[in-house]
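1. Compute the structure for the input listed below.
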Amino acid sequence: GGRGAAGAALSAVFARSLDSLLAALGRTDLHFVRCVKPCARLEPNALEAGYVLAQLRYMGMLAVAEVRKRGYAHRMAHAAFLERYAMLVPGGAAEAALRAEGAGARRGACRQFL
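-> The predicted structure follows:
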């Protein structure tokens, strides 16, 4: 038993569709989604900064931040960084730095994070 004309046509459609998909994938840039758990207890509204920081270090995200800090990619203003990641800077230093005048306190809080 052969496939018949309908089976051959379906195979050709599938092959073209697969070729199209592979071509589209070849034209794209890879992006990875990294998931970070906020706490080991899996409780809602709970954040363990040390636990999150350990995951970021393990994933190499802090090394990426260090490379970017040296000017090899996009730079985020210290205030914007602190506003976004304040909960990860220990001891409320981020909030205090955001309230302080001048860039020195914000820069110091960012360095404390790294």
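
2. By mean pLDDT, which helix or strand of the chain comes out lowest?
-> Each helix and strand of the chain was given a mean pLDDT (mean pLDDT, DSSP states H and E); the minimum falls on helix 61-67 at a mean of 75.

3. buried sites along that helix?
-> For helix 61-67, the neighbour count (16 or more other Cβ atoms under 10 Å) marks Ala65 as buried. In short, each C-beta sits where N, CA and C put it, glycine included.

4. Next, the buried residues of the helix or strand that that helix is followed by.
-> Remark: after helix 61-67, the chain's next helix or strand is helix 78-85, criterion DSSP states H and E. The neighbour-count check on helix 78-85 (16+ other Cβ under 10 Å) flags 78-79, 81-82, 85 as buried.

5. follow-up on the earlier one: check the offset of the least confident helix or strand of the chain from the chain's centre.
-> Taking the mean of its C-alpha atoms, helix 61-67 sits 11 Å from the chain's own mean (Cα atoms, centre = their mean, to the nearest Å).
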